[in-house]
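> Compute the structure for the input listed below.
(2 chains)
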Amino acid sequence: AQKITQTQPGMFVQEKEAVTLDCTYDTSDPSYGLFWYKQPSSGEMIFLIYQGSYDQQNATEGRYSLNFQKARKSANLVISASQLGDSAMYFCAMREPNTGGFKTIFGAGTRLFVKA
Amino acid sequence: NAGVTQTPKFRVLKTGQSMTLLCAQDMNHEYMYWYRQDPGMGLRLIHYSVGEGTTAKGEVPDGYNVSRLKKQNFLLGLESAAPSQTSVYFCASSYGDRDLLNTGELFFGEGSRLTVL
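Okay, here's the model as predicted:
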């Protein structure tokens, strides 16, 4: 069965520094999509970035980039120049491949604390 | 833009009571989902729908029922609430398979916090 693993329950980073949040996934299907979502303390889920399994280049969205290592089945999120507003819960997710309805499974999340 | 709207935002129930969570989306999305979020477990899929009049079970469907009578609405029902159903519930929607804009990105509502005593 497909699975998402986030091994860092909590991370600390100094403001303005870069931080990497780890994510590994398990699937036997060659076609899948990987996502990162942010959940601030207010509770809403915010889409950050998407990587398709056939994409040749790592996805980037502003200060967010996804370090996609297909052979290692990892999809780490890199946040550059951290800001206090980046303090939140971060979820890695994978769209289950070739299933009607694009079912998405989530990791347990990593809570990021940005220190001033 | 409203996006995905969930009602109610908060609810306290007694064991055995029933209730319905309503999800409405105004983006003309084909697919809709209900997830629950529990500490340390991320989000788990309860039920989903790939179109009006169709529903399917997700990872944790027991104790819940759903209906999608209109494309824009997806209802989650608890027939006999149990303390184990205390959770935050998220509704989400996405484009359909045949939509060129579709990457599978989920558009979430703000969540509904349910406490069952």
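
> Residue B:16: what's its closest spatial neighbour, skipping adjacent residues?
Excluding the flanking residues, the one nearest residue B:16 by CB to CB, 6 or more residues apart in numbering or on different chains is residue B:80, at 5.3 Å. Every C-beta, even on glycine, is put in place using the N, C-alpha and C of the backbone.

> Regarding residue B:2, what is its secondary structure?
With DSSP: H, G, I helix; E, B strand; the rest coil as the basis, residue B:2 sits in coil.

> OK, contacts around the residue lying closest to it once chain neighbours are set aside?
With sequence-adjacent residues excluded and distances taken as CB to CB, 6+ apart, residue B:2 is closest to residue B:26, at 5.1 Å. Counting by CB atoms under 8 Å, 6 or more residues apart in numbering or on different chains, residue B:26 touches B:1, B:2, B:3, B:5, B:72.

> change it to 10 Å
B:1, B:2, B:3, B:4, B:5, B:72, B:93 (CB atoms under 10 Å, 6 or more residues apart in numbering or on different chains).

> Neighbour count and pLDDT for the residues you listed - can I get that in JSON lines?
Converted to JSON lines, these look like this (neighbours: other CB atoms under 10 Å in any protein chain shown; pLDDT from 0 to 100):
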{"residue": "B:1", "neighbour count": "4", "pLDDT": "66"}
{"residue": "B:2", "neighbour count": "9", "pLDDT": "78"}
{"residue": "B:3", "neighbour count": "14", "pLDDT": "95"}
{"residue": "B:4", "neighbour count": "23", "pLDDT": "97"}
{"residue": "B:5", "neighbour count": "15", "pLDDT": "97"}
{"residue": "B:72", "neighbour count": "17", "pLDDT": "97"}
{"residue": "B:93", "neighbour count": "26", "pLDDT": "95"}
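
> As a markdown table, these with distance to residue B:84 would be great.
Below are the contacts of residue B:26 laid out as a markdown table (distance: CB to CB, whole Å):
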| residue | distance to residue B:84 |
| --- | --- |
| B:1 | 35 |
| B:2 | 32 |
| B:3 | 30 |
| B:4 | 25 |
| B:5 | 26 |
| B:72 | 30 |
| B:93 | 26 |
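
> And the residues you listed, which is closest to residue B:62?
residue B:93 (23.4 Å; CB to CB).
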